[in-house]
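K.L.:
Have a look; sequence and predicted model below, questions after that.
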Amino acid sequence: MKKIKIAIVGVGNCASSLIQGVEYYKQNNDEQKRYGVMHWDVGGYRPYDIEVVAAFDIDPRKVGKDVADAIFTPPNCTTIFCPQVPKTGVTVSMGKICDGVSEHMKNYPEDETFVVSQEPEKNRQMLVDIIKKAGAEVLINYLPVGSEAATYFYAECALEAGVAFINSIPVFIASDVSWAERFQKAQIPIIGDDIKSQVGATITHRALSELFKKRGIKLERTYQINTGGNTDFLNMLNRSRLASKKESKTEAIQAVLKQRLEDEDIHISPSDYVSWQKDNKVAFIRMEGKIFGHVPMHLELRLSVEDSPNSAGVVIDAIRCCKLGLDRGVGGVLFSPSAYFMKHPPKQLTDNEANIMTRKFIDGEIER
């Protein structure tokens, strides 16, 4: 199979894990070493059939560097599980800042936060030209949470460049009717919004909610609290940037409940930044309900997981599903992959239903 050529917006921890993973599975592709991937073969494309051809950032420590070097540059702090990523020949280009950096992050040590380059920002036409010249087929949005204007900007770039778009953050593009219609009209595939990790807080919380429903337990109250030490958690200390994130995570849980909870009975949100946790995310989930005879029961769970590889393990499938959409001439929202890979898709399905539908999409049994 030919390589799937991708462009990345935001060369942070998630991009680092994705690019490391592509090389890791190239080096470990025999059947005994394929674990860690949800779908090894997606329409003939393997995890290592992905090539980065363009990348954009605004941090001077990354701009101008080869992607293979930039992914290991501060403030990136994710686990290095594939240290020998070969040079890509692709230089990180200066992007567009918009609202991509929260003001409060200037108050933290340089190695913990973004630094804004003094290099002139690229305008949309310049960025579109870079994407086109590189031959990119899929553009991945890895901007920080709350980058609403910047996400709109790069979605416009994808439309103008004619490349598929994966929206990994909780700014609503695929799940917004007007944006979805624009991608449909342009016959460009899009998967979104807000990546759902392999085994993260949201997917685990959803699975437990499904279990309660199937076992006849009435869920009365629940919370999910998350802490982490990467730049995304630092960014989210600005609560004004959290509205869409909170909505995305909350709706992901409400969508699988037998009966929606009142707002005061469900609290799901990032909680705090703990610098020494680095890219490790710790989630605390509590569920209170009633079993047989209306007898109370409580469930508490603590999940500790490296955040960015957890995300990359899903994005690597989303990329290949977007490529299948391109190969098949299918434009607009890819509903099944969006429901399986994302927290806030246009159509919510149970994870079991979404898994089956995504498999059918991969096999060509359904269009989207």
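P.N.:
Sure thing, it's come through.

K.L.:
Endpoints of stretch 238-246, how far apart?
P.N.:
End-to-end span of stretch 238-246 (Cα to Cα, to the nearest Å): 13 Å.

K.L.:
tell me which residues in that stretch are buried?
P.N.:
241, 242, 244, 245, 246 (16 or more other Cβ atoms under 10 Å). All C-beta atoms are positioned from the backbone trio N, CA, C, and that covers glycine.

K.L.:
From the structure, what's the count of residues near residue 308?
P.N.:
Look at residue 308: counted by other Cβ atoms under 10 Å, it has 28 neighbours.

K.L.:
so which helix or strand takes in it?
P.N.:
Using DSSP states H and E, residue 308 maps to helix 307-328.

K.L.:
and if you look at residue 285?
P.N.:
Here residue 285 is assigned to strand 280-290, by DSSP H and E.

K.L.:
CA atoms of that strand as CSV?
P.N.:
The C-alpha trace of strand 280-290 is given here as CSV (Å, rounded to 0.1, in the frame of the first residue of the first chain):
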residue,chain,number,x,y,z
ASN,A,280,0.6,10.6,33.3
LYS,A,281,-3.1,11.2,33.8
VAL,A,282,-4.9,10.0,37.0
ALA,A,283,-8.7,9.7,36.9
PHE,A,284,-10.9,9.2,39.8
ILE,A,285,-14.4,7.9,39.1
ARG,A,286,-17.2,7.5,41.6
MET,A,287,-20.6,6.0,40.9
GLU,A,288,-23.5,5.8,43.4
GLY,A,289,-26.6,3.7,42.8
LYS,A,290,-29.2,1.2,44.0
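
K.L.:
Partner strands of it, with direction?
P.N.:
strand 218-228 (antiparallel), strand 296-306 (antiparallel) (DSSP bridges).

K.L.:
Enumerate every residue touching the closest residue to residue 353 other than its chain neighbours.
P.N.:
Leaving aside its chain neighbours, residue 353 sits nearest to residue 339 (7.6 Å; criterion: Cβ to Cβ, 6 or more residues apart in numbering). Taking Cβ atoms under 8 Å, 6 or more residues apart in numbering, we find residue 339 in contact with 345, 347, 348, 349, 353, 354, 357, 358.

K.L.:
ditto for residue 316
P.N.:
Contact analysis of residue 316 by Cβ under 8 Å, 6+ apart lists 18, 21, 22, 37, 47, 50.

K.L.:
JSON lines for the strands paired with strand 280-290, including mean pLDDT and distance to residue 334?
P.N.:
Formatted as JSON lines, the strands paired with strand 280-290 follow (pLDDT from 0 to 100; distance: least, Cβ to Cβ, whole Å):
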{"stretch": "strand 218-228", "mean pLDDT": "97", "distance to residue 334": "27"}
{"stretch": "strand 296-306", "mean pLDDT": "98", "distance to residue 334": "26"}
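
K.L.:
most neighbours per residue, which of the ones you listed?
P.N.:
strand 218-228 (a mean of 19; mean count of other Cβ atoms under 10 Å).

K.L.:
Report the mean confidence score over the following helix or strand past it.
P.N.:
Scanning forward in sequence from strand 218-228 by DSSP H and E, the next helix or strand is helix 231-235. Taken as a whole, helix 231-235 has a mean pLDDT of 92.

K.L.:
and after helix 231-235, which helix or strand comes next?
P.N.:
Helix 231-235 is succeeded, C-terminally, by helix 243-254 (DSSP H and E).

K.L.:
residue contacts, residue 215?
P.N.:
Residue 215 touches nothing, counting by Cβ under 8 Å, 6+ apart.

K.L.:
sorry, that was for residue 100
P.N.:
10, 58, 143, 144, 147, 150.

K.L.:
give me that answer again for 10 Å
P.N.:
9-10, 57-58, 114, 116, 143-144, 146-151, 153-154, 235 (Cβ atoms under 10 Å, 6 or more residues apart in numbering).

K.L.:
Can you tell me how far it is from residue 150?
P.N.:
The gap separating residue 100 from residue 150 is 4 Å, by Cβ to Cβ, to the nearest Å.

K.L.:
which residues are common contacts for those two?
P.N.:
With Cβ under 10 Å, 6+ apart, residue 100 and residue 150 have common neighbours 9, 10, 58, 143, 144.

K.L.:
Tabulate those residues in a markdown table, adding columns for secondary structure.
P.N.:
Listed next are these as a markdown table, based on DSSP: H, G, I helix; E, B strand; the rest coil:
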| residue | secondary structure |
| --- | --- |
| 9 | strand |
| 10 | coil |
| 58 | coil |
| 143 | coil |
| 144 | coil |
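
K.L.:
can you give me how far stretch 235-242 is from the chain middle?
P.N.:
From the chain centre to the centre of stretch 235-242 is a distance of 17 Å (Cα atoms, centre = their mean, to the nearest Å).
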